[in-house]
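1. Here is a sequence with its predicted model. Questions after.
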Amino acid sequence: MTSNVLVAEIMHETNTFNRIATVKADFETRYWHEGMQAASALAGTNTEIAGFIEAAQDYGWSLQIPLAASASPSGPMAADDWNRVKHLILEPLKAGQKFDAVALVLHGSMVTESTLDAEGDLLGEVRALAGSDMLIAVTLDMHANVSPAMIAAADMMTAYRTYPHVDQRERALHMARLMEDVLRGAARPHLVMARMPMMDAANHGQTADGQPMPDLLKLAETVEGRDGIMCASIQIGFPWSDVPDIGPNVVVTASDDRAGRTAAGDLMQAVWQSRHDTQLEFATPEEAMALAKRGEAGDKPLVLADFADNPAGGAYGDSPNLLRAMIAEGLENAAFATISDPASVERAVTAGVGAIVQLSLGGMGAPDLTPPLEVEAKVVNLTDGEFVCAGPMWQGVAFSMGATAVVRIAGIDVIVSSVPTAVMDLNVFRSVGINPEELTTIGLKSRNHFKAAYGLIARETLLVDAGGIASMRLQELTFRNVPRPIWPLENLDLVKDLLTMKP
């Protein structure tokens, strides 16, 4: 018997300290596909939608996809555009179409101008329309701030188990298999969640060898498949979102409530202990330059990740602070990507390739932390900023940096984009005529995602805190909605009652 399944995606990680509202056009620099256009655009890519398409073929599902949309992390979504998202996703249910299940591809840390819990808002409306008997499944990013409203509305939930995130398609296939089991008569599960008063954990979820997260994930796998537990999922949370449900959490999908609660509590206690392995201090630009000076011609590149201004953390992506240090150090055979500055791109376009231009580069989003860089530069290339990811992360997905200029400042080629761009893929450089493998030093906007591609070509990587609204100096941000006390804003090692508190 054919199962009718509604699949929809709205993926956005929201930095509430970013003052610029996110609108539909911001999704279009990654993707926004309405209707079954999503199937032709995303089939075969490393995305959740591609995984559900493959699963539908394997299980004989009839699939309907009203919306698949993903944007780079940024500020809260404009209320009107959020209403449009909900309209598109909910319309088939409002029209009375019959489905056996709904699968939503969500981030889990989305905020809009009208709600601090966008996914809880959406899931609540889906449940109200679909009724209590409808199976509702959710896939999440590892950095989801899961809310009680999300737990109340959904039946099944799983999140990425890699960071850098390279298992999007794999997690959708996993969820689809669990859904098929239930659709074929397995016991109907429900969700239980545990959390502790913390904003980050397990070194932000990095899954490289030697990090705490792989051991936590192995622990989660040991409880799956027994006592009615279908899935145990660990979410690290997103600390730059000022919301009540901030921080690491464990969600267990189980048909046995008692077993699910025990598993969730035990896993959350292990996550709580991982705070001792969470890095909060990072290299300064000066320390990064000391390392860069050791590089010699012919070396593999040193990759410096300017993570505090990382657009993948919702920052503005326009800080020139690390670039400023690279210029002052006189680095040669180096490149930097990207500085988001539409005005500088326009000036370069007007001047043309080969021209010398005076630029006030970047520094508009948070000028007190990351002031503009006054510089003379040579325009060496102009492009439309379009590229397709080589992967492994987002393999096959087309991205856009908007109109883009490459300018040369002494020995450094700088990619100046119109759209804030986190650098996760080697094609960011290749698409503008720069071979990253031939460079001695690379500066880029990222925290961990870059390692999936750049770790393969680097002699060494270093995270650099050069200032920005995605810094781990969380005490310097003004939180109004998070529960207090909370680690690391407060040293909870000194609070006995919290150390013994059960999730």
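-> Done, it's in. Keep in mind that this is a model prediction, so the values were computed, not measured.
2. Quick check, E91 in contact with L67.
-> No: E91 is beyond contact range of L67, at 9.4 Å (criterion: C-beta atoms under 8 Å). For glycine as for every other residue, the C-beta is placed from the backbone atoms N, C-alpha and C.
3. more neighbours, these two?
-> Neighbours per residue, other C-beta atoms under 10 Å: of E91 and L67, the larger number sits with L67, 24 against 13.
4. And for that one, nearest residue in space, chain neighbours not counted?
-> Spatial nearest neighbour of L67, excluding adjacent residues (C-beta to C-beta, 6 or more residues apart in numbering): L88 at 4.3 Å.
5. Look up phi and psi at the one you found.
-> Main-chain dihedrals, L88, degrees, to the nearest 10: phi -60, psi -40.
6. Tally up the residues packed near it, please.
-> Using other C-beta under 10 Å, L88 has 17 other residues around it.
7. Find the least confident helix or strand in the chain, judged by mean pLDDT.
-> helix 496-499 (a mean of 48; mean pLDDT, DSSP states H and E).
8. re earlier: show the contacting residues for the residue nearest to L67.
-> Going by C-beta atoms under 8 Å, 6 or more residues apart in numbering, L88 touches 8, 34, 66-67.
9. how about a cut-off of 7 Å?
-> L88 is in contact with 34, 66-67, counting by C-beta atoms under 7 Å, 6 or more residues apart in numbering.
10. Equivalent analysis for F479, please.
-> Contacts of F479 by C-beta under 7 Å, 6+ apart are D242.
11. What distance do you get for it to G365?
-> Note on F479: its distance to G365, by C-beta to C-beta, to the nearest Å, is 19 Å.
12. cool, M193 as well?
-> Per C-beta to C-beta, M193 is found 34 Å from G365.
13. in the stretch 201-350 of the chain, which spans are strands?
-> 229-235, 249-254, 302-306, 334-340 (DSSP state E, counting those that start in this stretch).
14. Just send those strands back as JSON lines, with mean pLDDT too.
-> What follows is the strands of the stretch 201-350 of the chain, written out as JSON lines (pLDDT from 0 to 100):
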{"stretch": "strand 229-235", "mean pLDDT": "98"}
{"stretch": "strand 249-254", "mean pLDDT": "98"}
{"stretch": "strand 302-306", "mean pLDDT": "98"}
{"stretch": "strand 334-340", "mean pLDDT": "98"}
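15. looking at these, which is closest to E54?
-> Among those, strand 229-235 comes nearest to E54, with 19.0 Å by C-beta to C-beta.
16. List the buried residues of the closest one.
-> 229-235 (16 or more other C-beta atoms under 10 Å).
17. what's it in contact with?
-> Outside strand 229-235, the residues that touch it by C-beta under 7 Å, 6+ apart are 108, 140, 142, 144, 146, 156-159, 178, 189, 216-217, 220, 223-224, 248-254, 259-260, 263, 267, 271.
18. A366: which element?
-> Applying DSSP states H and E as the criterion places A366 outside every helix and strand.
19. Got the confidence number for it?
-> According to the prediction, A366 has pLDDT 95.
20. Would you check that it makes contact with Y316?
-> Yes: A366 lies in contact with Y316 (C-beta atoms under 7 Å); the separation is 6.3 Å.
21. Among the two, which residue is more densely surrounded?
-> A count of neighbours by other C-beta under 10 Å puts Y316 above the other of A366 and Y316, at 28 against 19.
22. And the more buried one, how far from H165?
-> Plainly put, Y316 is 22 Å away from H165 if you go by C-beta to C-beta.
23. How about Q235?
-> According to C-beta to C-beta, Q235 stands 13 Å off from H165.
24. okay, and the common contacts of those two?
-> Residues touching both Q235 and H165 by C-beta under 7 Å, 6+ apart: M142.
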